[in-house]
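**Q** Mind folding the following:
(4 chains, ligands or ions: 6)
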Amino acid sequence: MIDKTCLKVEIAGIKLKNPVMTASGTFGYGQEYVPFVDLNRLGAMILKGITLKPKMGNPPPRIIETPSGMLNAIGLQNVGVEMLIREKLPYLQKFNTPVIINISGDTIEEYVELAERLGEVSKEMGVTGLEVNISCPNVKKRGMVWGTDAKATYEIINSIRKTTSLPLIVKLTPNVTNIKTIAQAAEEAGADALSLINTLVGMTVDIDSRKPKLANISGGLSGPAVKPVALWLVWQVFQTVNIPVIGIGGIIKVEDALEFIIAGARAIEIGTANFVNPRVTIEIIEGIEKYLIENNIKDINELVGSMKI
Amino acid sequence: MIDKTCLKVEIAGIKLKNPVMTASGTFGYGQEYVPFVDLNRLGAMILKGITLKPKMGNPPPRIIETPSGMLNAIGLQNVGVEMLIREKLPYLQKFNTPVIINISGDTIEEYVELAERLGEVSKEMGVTGLEVNISCPNVKKRGMVWGTDAKATYEIINSIRKTTSLPLIVKLTPNVTNIKTIAQAAEEAGADALSLINTLVGMTVDIDSRKPKLANISGGLSGPAVKPVALWLVWQVFQTVNIPVIGIGGIIKVEDALEFIIAGARAIEIGTANFVNPRVTIEIIEGIEKYLIENNIKDINELVGSMKI
Amino acid sequence: MSAILNIKVKILSGKEVVPNIYLMRLKAPEITQDALSGQFIHIKCSKDNYPLLRRPFSIHRIDKEKGEIFILFQVVGEGTKLLAQRVVGDDLDIMGPIGNGFNIYPESRKIMIVGGGIGVAPLLALCEESIRQGKEVRVLISALKKELVIGEESFRNLGAKVDVATDDGSYQHKGLVTDLLEGSIREGWLANQIFACGPKSMLKKIVEISLDAHIDCQVSLEERMACGIGACLGCVCKIKTKDKKEDKVKYEFKKVCEDGPIFGGSEVVWDD
Amino acid sequence: MSAILNIKVKILSGKEVVPNIYLMRLKAPEITQDALSGQFIHIKCSKDNYPLLRRPFSIHRIDKEKGEIFILFQVVGEGTKLLAQRVVGDDLDIMGPIGNGFNIYPESRKIMIVGGGIGVAPLLALCEESIRQGKEVRVLISALKKELVIGEESFRNLGAKVDVATDDGSYQHKGLVTDLLEGSIREGWLANQIFACGPKSMLKKIVEISLDAHIDCQVSLEERMACGIGACLGCVCKIKTKDKKEDKVKYEFKKVCEDGPIFGGSEVVWDD
Ligand SMILES: Cc1cc2nc3c(=O)[nH]c(=O)nc-3n(C[C@H](O)[C@H](O)[C@H](O)COP(=O)(O)OP(=O)(O)OC[C@H]3O[C@@H](n4cnc5c(N)ncnc54)[C@H](O)[C@@H]3O)c2cc1C
Ligand SMILES: Cc1cc2nc3c(=O)[nH]c(=O)nc-3n(C[C@H](O)[C@H](O)[C@H](O)COP(=O)(O)OP(=O)(O)OC[C@H]3O[C@@H](n4cnc5c(N)ncnc54)[C@H](O)[C@@H]3O)c2cc1C
Ligand SMILES: Cc1cc2nc3c(=O)[nH]c(=O)nc-3n(C[C@H](O)[C@H](O)[C@H](O)COP(=O)(O)O)c2cc1C
Ligand SMILES: Cc1cc2nc3c(=O)[nH]c(=O)nc-3n(C[C@H](O)[C@H](O)[C@H](O)COP(=O)(O)O)c2cc1C
Ligand code: FES
Ligand code: FES
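**A** Residues are numbered from 1 along each chain as shown, chains lettered A, B, ... in the order given. Ligands and ions are numbered 1, 2, ... in the order given. Predicted structure coming up:
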């Protein structure tokens, strides 16, 4: 048995100590988890989705638990990119963990402006990369979600690509018929990596009031319930593209993370599980290391996509 | 408070005592549940999916439990339509509950032939309607699943419609970007009702062997985990079509069934829950009746789609 | 505010104090050190991940000497059902103490505490602290019926005057606890501060009464929570922001877990 | 075969007999009436729907007089973990008896029973029944090490001759239980029937040995189950179908729950 192993991976040109990242929207701006997690130990931090202007978000209730999962309809409440730069990023400078900013917008122009602005401050503020959330509705195309259409995906990613040299991770939505075509479009448009899945659309109803339980009617389903769907899609995308894939969806224990890695994820993001166990990221990093050693795997990159079929 | 209520609903011209049906593939050929359920009390029985010729199905393992759900990859093992007619349907004659046959095929011709054959024996064998499973891959179109494409859906349902006067329920797959267009295509092609959802595609990996846990690699996710997704899609389809909608997906207690009805389902199908509690259908029928009485609702049809937004 | 801990604490005792409402005592010296009345802890109700999310519960009593905290909770769903089934000696996974806590002004002399149903949970620690600070405290509590009145004796033992309203009149005043509040004001017992916890309709009414009587009022709000520590933005409530420059009312969604759970009554926007 | 029941039965006792393996006694007169050795019951391990599906467990002992059945199970995952935590007096939701059971031929005089690890579970009831029918019974059991040997005394108390193999040699024969089987055949103790339950690799080898020795062999198979009653087609195994007319081997997927769990050793297709 070996006694040391290498957990380092490279995603979109970003060098990570280990493959464990935090999923956007579930780890605040990092600082919230400082009482529980040594941020220096994380592979990377992806912060709450940011928009150009501050957003108020949806009215409550915004969260409903479902069997082994949860629905959320936060509505992208966030402080806006300027406040992010001024008030949130400075605090993160003291950690030597890559910070990736998850960006959202209603129009291509907004995405592009966000990418430009973050590019400008990237050196100074330690912005290592962007994760482009294309699960937002395109206001120009009557609410159609960018990430559900290959052409729209190409268009938006291509525009952002032209603006910035920052590493671009494109985050895919699972609510599509054929994720391979979307993944290909993102790759062709210049994405450096793909991350998936974002949440599945879901709803629940209060049978007493006969109203939807979420004020927003629908919400995004996350948590262990969605893991089988996420794993399948990660494997589909892994077989389709040549850029690294980041697995997300229902990871709550080390076995889950390993499943994603074996199915092709070079890194993973942990979302909902942070709410259940605030130290879950660290426990999973330690668990992966243990598994590699026990299985005589000297470098985690050997495990990536090693699924036998 | 009222002391009596009406549970009767009509779906695709089929009159049901109550809105509770069994989901295809989870209730065998009915007979298996006789030790636990008085089949006369069910709204309708939908039997295991049938194909023209017997099918051997996939190798095991075919079933894996997932958080609040399960993956199955039965591969449509079934006795074939002739054996169904000869050996399974006669037994069901003694019950006065509508029997609906779930049909599958690889080509349009197979679906059409199945519908014809079942039409021929419908009077004699008590076949009250067909549920068309369009989640099978279209062998002619390189494995594309019928139900993921509006045109293919129209084509296949239209062909079946021309062959048979039996009530046609079209069963939709959730693995699509826009279920509304598929629902519309089915309606236009002559469907009398729509049922949804079939299973979500999923996978799980054994981290020791590094093989998929299912021999078939992927499987269909069902059970409580998928309920929020199913509810959302049912509500979407309910708002889109003028024919009745049947809600399926993760129903395991009466509250779940009521959520679907409030969101627009005129009837519901119970699947995975039969495995957990073989009497669940009856318990849900009784629970619905109790809820209606307690809420002073004289006719269940008043509850259908009564969601306030 | 002190750092939030995530620790395992021993269940020292647990009992059903009135039908469906449980009192649980936990050994948690790390928490008692800094806990404030009005704060809550975020509990993993079961040993596995079902139900998935933690559940928030107010700190009912803080016994700094023994290093013990109490929670008082009502069984309303899966999480509380499983919590009630946990046995003495078990380790309970909690995060806390969380939130801002009640703010008792040094200058206040008279304190009115109003609790509706299980809403009395955070108020016992508040009462104890108020009395420790030498305030005169009156407590009004309400319940559906006599059997469901919680904490009456405990408040009285601390030295507070306690009045009760029951919906069915089976004990003391028949009607709403807000009747009692209005009554006490009419009689001239004017508190410097009102603290309240209970159903939204009750809180709304209490805030109205306090505004009319020009009494400062703080309420403890509830909202469904995921993280409990300000990271998910799930638990917000609508709060009026005094935007003095522009002279128009603005709204903001504030987090119950981090910015609350205690809010100034007049800031809260009730109708939504 | 008798109808399958879905009933709640009382847990009379439960204990850890060897590390991680539990013996549970259930009051189930409705089941003992008709239960056959080799049948199983399908258990809802927890009180809520997590884990979701039932778990199948062989009937370990049938006490018709007292109306009690026993199960013997190993903790391997969530379901068995929760089952082990269930307390005496609890109601357990079970379905059963299910399956075909072992077929002891009236003409058999000598019976060989082979169990690997937790595979001994269904074999005690079989041994008891064989001895009741006046057969001469030998039992071979295997375990990883001495501490994990299960049931040795129980089999012996019934009147069977028992031999043990341990992987590490910490007790009796060091090596595989199939060594013992081969040894006994070499020594000339030829059973009329061999019954086996355990890991697939072991069963496969036993079937080979039995074929060589021309001894009829029945094995108890396992597969992941959902319904447990033949409705979902989830639990299949590949079985050779003798198609004598066409003179070629055909295969079929048969249900472990309904057509099994006991299959003729020579029918089973092992390599897949
Ligand atoms: C800051 C805070 C402090 C609290 N303190 C206490 C306390 O001291 N004692 C106590 O008994 N309860 C308290 N609650 C409410 C308690 O958290 C909920 O009752 C509990 O989460 C319900 O969990 P469950 O799994 O049993 O019910 P669920 O199955 O989640 O829900 C059952 C029912 O409870 C209601 N409910 C669930 N969660 C909440 C919530 N967060 N707010 C309001 N209603 C909810 C729902 O409307 C639902 O109808 C507090 C809530 C908050 C936010
Ligand atoms: C007819 C039959 C009779 C059985 N009798 C017994 C018995 O008497 N005593 C006993 O301890 N076990 C018995 N088993 C196996 C038992 O059902 C499983 O160990 C149990 O379902 C595991 O549940 P879990 O939730 O603890 O584990 P899971 O979390 O479901 O799985 C944990 C591990 O157990 C293995 N496993 C799970 N289910 C099965 C299964 N059905 N067959 C084989 N491996 C499985 C998996 O490979 C997995 O690695 C029997 C199985 C069958 C089909
Ligand atoms: C409360 C909450 C807020 C989220 N906010 C964002 C967001 O701002 N941007 C984004 O791309 N994804 C967001 N997500 C999606 C997660 O990043 C992740 O893709 C999803 O939750 C699935 O992973 P999980 O099952 O591990 O939670 C959010 C998820 C949750 C639960
Ligand atoms: C074991 C199993 C077999 C199934 N077989 C079929 C089938 O033959 N035809 C079909 O249309 N759907 C089939 N389904 C899908 C169910 O009918 C149902 O649509 C799905 O399981 C979602 O409902 P549930 O969550 O209540 O199980 C099957 C589902 C399961 C779990
Ligand atoms: S519960 Fe997550 S921000 Fe309050
Ligand atoms: S477990 Fe369902 S058929 Fe055997």
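
**Q** For the rest of this, base every contact and every neighbour count on C-alpha atoms.
**A** Will do.

**Q** Now do the helices in the chain.
**A** Defaulting to chain A. A:81-83, A:89-92, A:108-125, A:150-163, A:179-188, A:227-240, A:254-262, A:273-276, A:280-294 (DSSP state H).

**Q** That was the other one, I meant chain C.
**A** Counting by DSSP H, chain C has helices at residues C:29-32, C:78-85, C:123-132, C:152-158, C:177-186, C:200-212.

**Q** Around residue A:237, how many other residues sit close by?
**A** 27 (other C-alpha atoms under 10 Å in any protein chain shown).

**Q** Spit out the contact partners of it.
**A** For residue A:237, the contact set (C-alpha atoms under 8 Å, 6 or more residues apart in numbering or on different chains) comprises A:179, A:180, A:183, A:245.

**Q** Just put those residues in CSV and tack on neighbour count, pLDDT and distance to ligand 3.
**A** Shown next, in CSV, are the contacts of residue A:237 (neighbours: other C-alpha atoms under 10 Å in any protein chain shown; pLDDT from 0 to 100; distance: C-alpha to the nearest ligand atom, whole Å):
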residue, neighbour count, pLDDT, distance to ligand 3
A:179, 24, 96, 15
A:180, 19, 97, 18
A:183, 30, 97, 16
A:245, 33, 98, 13
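
**Q** what's the pLDDT at residue C:244?
**A** pLDDT for residue C:244: 63.

**Q** which parts of stretch C:100-114 are buried?
**A** C:100, C:101, C:102, C:103, C:104, C:109, C:110, C:111, C:112, C:113, C:114 (16 or more other C-alpha atoms under 10 Å in any protein chain shown).

**Q** Can you say which of the helices of chain C is packed in most?
**A** helix C:123-132 (a mean of 22; mean count of other C-alpha atoms under 10 Å in any protein chain shown).

**Q** could you point out the longest strand in chain C?
**A** Longest strand of chain C, by residue count under DSSP state E: strand C:5-18.

**Q** and stretch A:190-206, does that touch chain B?
**A** Yes: against chain B, stretch A:190-206 shows contacts by C-alpha under 8 Å from any C-alpha of the partner chain at A:200, A:201, A:202, A:203, A:204, A:205, A:206.

**Q** can you tell which of the helices of chain A is closest to ligand 4?
**A** Among the helices of chain A, helix A:227-240 comes nearest to ligand 4, with 14.2 Å by C-alpha to the nearest ligand atom.

**Q** In chain A, which residue sits closest to ligand 1?
**A** Scanning chain A for the residue nearest ligand 1 gives residue A:65, at 6.9 Å (criterion: C-alpha to the nearest ligand atom).

**Q** OK, contacts around that residue?
**A** Contacts of residue A:65 (C-alpha under 8 Å, 6+ apart): A:71, C:52, C:53.

**Q** returning to what we had before: average model confidence for the longest strand of chain C?
**A** For strand C:5-18, mean pLDDT rounds to 96.

**Q** That one: how far from the chain's middle?
**A** With C-alpha atoms, centre = their mean, to the nearest Å as the basis, strand C:5-18 stands 17 Å off its chain's centre.

**Q** related to what we said a few turns ago, now, which of the residues of stretch A:190-206 next to chain B sits nearest chain D?
**A** Taking C-alpha to the nearest C-alpha as the measure, chain D sits nearest to residue A:204 out of the residues of stretch A:190-206 next to chain B, at 18.5 Å.
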